[in-house]
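Chemist: curious how this folds, go ahead:
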Amino acid sequence: MKIAFCLFKYFPYGGLQRDALRIARLLLDRGHRVEFFTLDWQGERDAALPVHLLPARGLANHARYARFARAFAAVARGFDGRVGFNKLPGLDVYYAADSCFVARMARRPFWHRLTGRYRAFVAAEGAVFAPWSRTHILAISAAEARRYQAAWGTPAERFHPLPPGITTDRRAGPDAPALRASLRAEFGIAPDEFLLLAVGSGFRMKGLDRSIEALAALPEALRARTRLIAIGRDKPGEFQRLARRLGVADRFTILPGRDDIPRFLQGADLLLHPARYENTGAVLIEAVVAGLPVLATDVCGYAEHVAASGCGRLLGDPFSQAELNAALAAALGGPQRPAWRAAGIAYGQSHDLWHLHERAADAIEQVLAR
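Modeler: Below is the predicted model of the structure:
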């Protein structure tokens, strides 16, 4: 089959983008032809996976996305199937990596629902999830699938649940001590210091400002022995200014996306992920199987794996900064982290957390074969 994949933007360290590429390569290996359509592609290209840039002008993102959707509909007519990684009309399959926009906006002041942006995004979401749509949904989060069904009344038979899909190199292996030693040596972290890790593009949504505030709120002696490294693709200025204002700029580092995340998972002492909203949060499972204790909010789709594994603590909704501050101090100052590490490693050895991309490729083939 000839299959068109579309997404607004591709960059190498985005979770959705990595998933799209892995699924495309699996379908390619199965004998299908896959072509990408996007507004912007950053990073290397695979000669076997053609990339088409569809220019779409507009002062606002929602206007550009609407024009992109119309352009994609026109060029994809000659394909056997259309797979979207963002919400667009006319898709055969949608990979549901984004959270439910209607449910998210219901928590915000009413005037947000009076804007052109709101109307455009609701229309795009309805084109995928409304009862009259024919689009099938690859659901990577059971909790988010329930939110979509509650908001739109989407028939259950159009959802295809997928397991998580982290790579096996995230698991703690025999090289864990060497990875830890090399990472801490690279960044000059002493054996008696704590390293907090924050991973994920979109720093505000991931709660990086909350993590910086929690670092600053640690008791002075503990704060002097604690470092926070954030890794991801976003504008760093706001967060660097916050760290300076709170007096922890010397304890805080922002790094762009990297390929050596397993080193950080072993070199750190705690993953901080107090996200405001997160459809899944693959880094939570990556930390669990690496044996890295997790402190996160329970609004993340994959927070259920933190709870089930016993590899950390979840903070409830509504969020309390004071609760996060106290939980961080307790986690660093208490004796529970070795037990959390052992529980996470055991969970990774007994659960299927790896086959998202294979099951997604299966579902795409089944839907398009109909």
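Chemist: how about stretch 157-170: buried residues?
Modeler: Across stretch 157-170, burial judged by 16 or more other Cβ atoms under 10 Å covers 158, 159, 160, 162, 163, 164, 165, 166, 170. Backbone N, C-alpha and C define where each C-beta goes, glycine included.
Chemist: what's the local residue count around residue 361?
Modeler: Residue 361: 21 surrounding residues under other Cβ atoms under 10 Å.
Chemist: that one contacts residue 27, doesn't it?
Modeler: Yes: in terms of Cβ atoms under 8 Å, residue 361 counts as a neighbour of residue 27; the distance is 5.4 Å.
Chemist: need the buried residues of stretch 157-170 in TSV with secondary structure, distance to residue 221 and pLDDT, can you?
Modeler: TSV is the format used below for these (DSSP: H, G, I helix; E, B strand; the rest coil; distance: Cβ to Cβ, whole Å; pLDDT from 0 to 100):
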residue	secondary structure	distance to residue 221	pLDDT
158	helix	55	98
159	strand	51	98
160	strand	51	97
162	coil	45	95
163	coil	43	91
164	coil	38	91
165	coil	41	88
166	coil	36	88
170	helix	33	93
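Chemist: just the closest of those to residue 179, please.
Modeler: residue 170 (11.3 Å; Cβ to Cβ).
Chemist: now do the contacts for the closest residue to residue 84 other than its chain neighbours.
Modeler: In space, and not counting its chain neighbours, residue 84 is closest to residue 91: 4.2 Å by Cβ to Cβ, 6 or more residues apart in numbering. Counting by Cβ atoms under 8 Å, 6 or more residues apart in numbering, residue 91 touches 82, 83, 84, 127, 128, 135.
Chemist: give me phi/psi at residue 91?
Modeler: In terms of degrees, to the nearest 10, the main-chain angles of residue 91 are phi -80, psi 150.
Chemist: likewise residue 191?
Modeler: Dihedral pair for residue 191: phi -60, psi -30, per degrees, to the nearest 10.
Chemist: quick one: residues contacting it.
Modeler: residue 184 are the contacts of residue 191 under Cβ under 8 Å, 6+ apart.
Chemist: distance check, it against residue 228.
Modeler: 18 Å (Cβ to Cβ, to the nearest Å).
Chemist: hmm, who's touching the worst-scoring helix or strand of the chain on mean pLDDT?
Modeler: Counting by mean pLDDT, DSSP states H and E, the chain has its least confident helix or strand at helix 101-105, which shows a mean of 91. By Cβ under 8 Å, 6+ apart, the residues outside helix 101-105 that reach it are 87, 112-113, 118, 121-122, 125, 147-148, 150-152, 277.
Chemist: from these, keep the buried residues only.
Modeler: Buried among the contacts of helix 101-105 (16+ other Cβ under 10 Å): 87, 118, 121, 122, 125, 147, 148, 151, 152, 277.
Chemist: now render these as a markdown table, adding distance to residue 365 and pLDDT.
Modeler: Output for the buried ones among the contacts of helix 101-105, formatted as a markdown table (distance: Cβ to Cβ, whole Å; pLDDT from 0 to 100):
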| residue | distance to residue 365 | pLDDT |
| --- | --- | --- |
| 87 | 22 | 97 |
| 118 | 36 | 92 |
| 121 | 30 | 95 |
| 122 | 31 | 96 |
| 125 | 25 | 98 |
| 147 | 27 | 92 |
| 148 | 23 | 96 |
| 151 | 29 | 96 |
| 152 | 26 | 98 |
| 277 | 32 | 86 |
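Chemist: which ones among those residues lie within helices?
Modeler: 118, 121, 122, 125, 147, 148, 151, 152 (DSSP state H).
Chemist: check contacts around the first one.
Modeler: What that stands for is residue 118. Contacts of residue 118 (Cβ under 8 Å, 6+ apart): 105, 112.
Chemist: also the fifth one?
Modeler: By Cβ under 8 Å, 6+ apart, the contact list for residue 147 reads 99, 100, 103.
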